[in-house]
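Undergrad: I'd like to go over a predicted model; first the sequence, then the structure.
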Amino acid sequence: MAGAVPATLPDTAAGRLAEELIHHVNADKPEQMRRRAPTILSADVALSD
């Protein structure tokens, strides 16, 4: 697993969102990620990406 969130993320809405996403990627089980991913990924991202 990846390490802790780097302290270089900005204290902005985008930085806090990134920190939350990194936390989930590091901590969630695969099934949780499969359920969560479609709700956070852009519909513009191709399914093959």
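TA: Structure received.

Undergrad: pLDDT value on residue 16, please?
TA: What the model reports for residue 16 is a pLDDT of 87.

Undergrad: what about it, which helix or strand?
TA: Per DSSP states H and E, residue 16 falls inside helix 13-27.

Undergrad: in that helix, what's buried?
TA: Across helix 13-27, burial judged by 16 or more other C-beta atoms under 10 Å covers 19, 22. Where you see a C-beta, it was placed from the backbone N, CA and C, and this is true even at glycine.

Undergrad: same question, stretch 23-39
TA: Buried residues in stretch 23-39 (16+ other C-beta under 10 Å): none.

Undergrad: What are the contacting residues of the worst-scoring helix or strand of the chain on mean pLDDT?
TA: Sorting the helices and strands of the chain by mean pLDDT, DSSP states H and E puts helix 30-40 at the bottom, at a mean of 83. Residues external to helix 30-40 that are found in contact with it (C-beta atoms under 8 Å, 6 or more residues apart in numbering): 21, 24-25, 28.
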